[in-house]
Every structure is written in structure tokens, then in C-alpha cells.
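Peer 1: Based on what follows, work out the 3D shape:
(2 chains)
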Amino acid sequence: MSERIKLLAYLVAIIIASWTTSPAWLTGGLLATLLLCGRDAMRMVRRAIVTTIAFSGIVSAAYAGYRWLAFDTLPLDWLVTVNLRVLLMAMLTFLVIARVNLFQALSVSRRFSFLLVLAVSQSIGLKRVLDEFRMGLHSRSIRPASLRDRYRAVAHAAGWLVDKSLGHAHESAQALKSRGLFK
Amino acid sequence: MHIPDGFIAPQMYLPLYGVAAGLWAFGAKRLSDNLDEATLPWLASLTAASFALSFLALPLPGGTSAHVTGVGLLAASFGFWNAFMAASLVFAIQALLFGDGGITTLPLNALAMGFFGSLSARGAYLFLNPIHRGAALFFAGWTGLVLPSLLIALALGAQPLMASDEKGLPLYFPFGWDITLPALLIPHALLGLGEGVLTLLGGRLIERLRRRYEHV
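Peer 2: Here you go, the predicted model:
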């Protein structure tokens, strides 16, 4: 199956899952997705939960609390249906990330592929350096940094980020020109 | 915090995809009309900067932090369409390659933050720049965060009206506008102050960098 067809199948599955309101069908979909994940199933479940728990957890707890206080009852149907749907859709996404070459699937044109590869590779590089900046600030301070110091650190990191990005753009443009991609 | 898939009803996200697709096509055409050796690497770098900016944590009193969007900075410094296209690409990369956010919330994020956030930030910047450049940058950052939060609060609060079961209970996001508007607007109006300060500092820095690089 080509990468583009796999991506299309994922999009159809996402739309179907988003329309589904029956816990039984959602559970079935989740089991089928777990089977497709194979040995990676538990790792993907963990990743899906970690990614969605902040929003789902707060909304679920707030809605359960509200229904309990206002109507003396828990919205069990809503809690089960929505959380199963969120988990299923997150699992489908992680399955696609793991099994589909998205660069190939999204290669609708040479220019778009080029843009995507450049953007993603630079994004990963910049994010890694920002993580190092953050760890550097922690490791070089005996006491937690003050609010002023943390603001200065963020401002310097943002400045470095923009400087580096503009430098990347300049270098990539020169590299493209020198290789004859643009006449 | 990203809204995961499953909270936005298809009755909303499918039409939003239609609107967003039209704007993406128009934005891509504008870019390709002016395509030269600088355009693609330039957009890629802007996207990467926007992506990385979203990982910067804005310090808050009490040791906590909130994440920067960078939409105001990009729109004020590099123009509305560049900011919209870069922000949209960032949301797509986050959703499809890293699993952050959702594919069904992509058009809502792209329209609220990318389109209207950039539009309001650029508008505030152009309106205030002749009066005071610092204030123009600050308000670009503030409005680039606050207007999208209003639009997202409206979209989330509309979910119970768009999809409910036979008993009238919600099927997607459960709270109405009475909850979503204050819950999102009040904290974002305050967080916008930090985003405004960062946009002010970043905007001034970009001004200095413009002299160093061509095509910026």
C-alpha cells in the first residue's frame, strides 16, 4: 500500500472516529488499532495518554465535578465516550506517525517536499538547542533563577532563535542558488 | 495546552477545513507568484522559528510558566501572509509528525491563531507604529494571543449547541460560552502582557538583524 493511500485511510478513520458516539464501536476501533500497533501497542497507549491527559483530564474532571454538584450525578456516558474517542484518535495518529513515511505521503510537489524537509529538520535542531539552553540555566544556578533572570534567559533564547533562523534562511538560499535550483 | 482530537464536532471542523484550505491555497499562490531562491528557505526558517518559539516558556510569578505563540512577533516583523502560512505549517507539523494537538483541531488553530491572530497583530502593529513603535510591537503580541483565545473560546463553547444527544447532553466539548469565555479570556489577557513584552524585545532584535541578512 502506498504511503499516500495509508495517509488517506488514516484521515477517513479519523473522520469516522470523530462522528462515532457509541462506546461499543469506539472500543472496537481501539482494539483494532491496538492490534495494528502490534508490539508497540503499550508504548503508543502510554504516549497517547501523556499527550492528551492535560486537556482531557482537566475537562473531564471539571465536567464530572460540575454535574456532581449541580445534578448529583456523574456523566458516565460522556466520560466514557469522549475519553475513548480521544484515546482512539490519538492512537490512530501515533500509529500513522510510526508506520507511514509522512514525507513521502505529503510529497504533493517538489517544492512542498523541499519546504517540509527544511522546516522539520531546522525545527528539530532549534528545539534541541532550546532544551540545552533551558538545562544550562538550571545547571548553572545553585538557587532557582529569579523571575527577572528567567525573562532575560527567554528573551536571549528568542533572540538567538530568530538570529539562527534568519542565518539558516540566508545559507539555504545561497546553497540553492549555487547548486542551480533557481536560475 | 493543545486541544486533542475528539473534542471538536465534525459539524464544525469539516467546514473550517473548507475555509482554511481556501486560505492556504491563496497563501501558497501568493508565495509561488513571488518565488525565488530566497522564498522557500525563508518560509522554512520562519516555520522552524515559529515551531521553536512555541517551546519557549514565558516565566510567570510563582515558578510556573506559559508557552509563547510567537504569532504577533512573526506578523509584526514579517507580514500577515508569511505569519499565517508559517503558523499553519507549524500546526500541521506538530499534529502530523509529533502528535501534538490534533488533525481535527488543525483548521481551528490555523484560522484562530494563524489567520486572525496574525491579522489582528499586523493590524495593531500598522495602526500604532506611526504613533509609537514600542507600543505597536507590544500590542501586536498582546492581540496576537488574546483574539485567538476569544475565537477558540467561542468555538469550544459552541460544541454543546452543535452536537448533543436526545437528552440534550453534549457529545463533544461539554461547556458553553458562560464557562469558556472567562476561562480562556481572563488568563490569556494577562499572559498577553508577557507575549507583548517578548514581541517588543524580539521585534527590536529582528530590526537589528535585518541589516545583516538579505531578503528579510
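
Peer 1: so which strand or helix has residue B:130?
Peer 2: Assigned by DSSP states H and E, residue B:130 falls within no helix or strand.

Peer 1: List phi and psi for it.
Peer 2: phi -70, psi -20 (degrees, to the nearest 10).

Peer 1: With residue B:164 instead?
Peer 2: Torsion angles at residue B:164 (phi, psi; degrees, to the nearest 10) stand at phi -140, psi 160.

Peer 1: Quick one: neighbours of the closest residue to it other than its chain neighbours, just the number.
Peer 2: With CB to CB, 6 or more residues apart in numbering or on different chains as the criterion, residue B:164 has its nearest non-adjacent residue at 5.4 Å, and that residue is residue B:170. Backbone N, C-alpha and C define where each C-beta goes, glycine included. Look at residue B:170: counted by other CB atoms under 10 Å in any protein chain shown, it has 20 neighbours.

Peer 1: Can you check the pLDDT for the residue most central in space within chain A?
Peer 2: Nearest residue to the geometric centre of chain A (CA atoms, centre = their mean): residue A:51, 7.5 Å. For residue A:51, the model assigns a pLDDT of 86.

Peer 1: Which helix or which strand is home to it?
Peer 2: helix A:41-71.

Peer 1: how close does residue A:137 get to chain B?
Peer 2: With distances taken as CB to the nearest CB, to the nearest Å, residue A:137 is found 10 Å from chain B.

Peer 1: Correct me if wrong: that residue contacts residue A:145.
Peer 2: Yes: applying CB atoms under 8 Å, one finds residue A:137 in contact with residue A:145, separated by 5.9 Å.

Peer 1: tell me, what's touching these two both at once?
Peer 2: Both residue A:137 and residue A:145 are contacted by residue A:153, under the criterion CB atoms under 8 Å, 6 or more residues apart in numbering or on different chains.

Peer 1: For the longest helix seen in chain B, which residues meet the burial criterion?
Peer 2: Taking DSSP state H as the criterion, chain B has its longest helix at helix B:177-210. Across helix B:177-210, burial judged by 16 or more other CB atoms under 10 Å in any protein chain shown covers B:179-181, B:183-185, B:188, B:191-192, B:194-203, B:205-206, B:209.

Peer 1: same thing with stretch A:83-100?
Peer 2: A:83-97, A:100.

Peer 1: okay, the residue nearest to residue B:164: pLDDT?
Peer 2: Residue-level confidence at residue B:170 comes out at 92, pLDDT.

Peer 1: Might you report the residue contacts of it?
Peer 2: A:78, B:159-160, B:163-164.

Peer 1: Ok, residue B:148 next?
Peer 2: Neighbouring residues of residue B:148 by CB under 8 Å, 6+ apart: B:69, B:71, B:112-113, B:116-117.

Peer 1: out of the residues you listed, who has the most neighbours?
Peer 2: residue B:71 (36 neighbours).

Peer 1: Quick check: the gap between that one and residue A:45.
Peer 2: Remark: distance between residue B:71 and residue A:45 (CB to CB, to the nearest Å) = 33 Å.

Peer 1: residues in contact with the residue nearest to residue A:22 when sequence neighbours are not counted?
Peer 2: Of all residues not flanking residue A:22 in the chain, residue A:81 sits nearest, at 7.7 Å (CB to CB, 6+ apart). Neighbouring residues of residue A:81 by CB under 8 Å, 6+ apart: A:21-23, A:26, B:171.

Peer 1: so how far is residue B:101 from residue A:81?
Peer 2: In this view, residue A:81 and residue B:101 are 21 Å apart by CB to CB.

Peer 1: what about residue B:168, how many neighbours?
Peer 2: For residue B:168, the neighbour count with other CB under 10 Å is 7.

Peer 1: and it, helix, strand or coil?
Peer 2: The local conformation at residue B:168, judged by DSSP: H, G, I helix; E, B strand; the rest coil, is coil.
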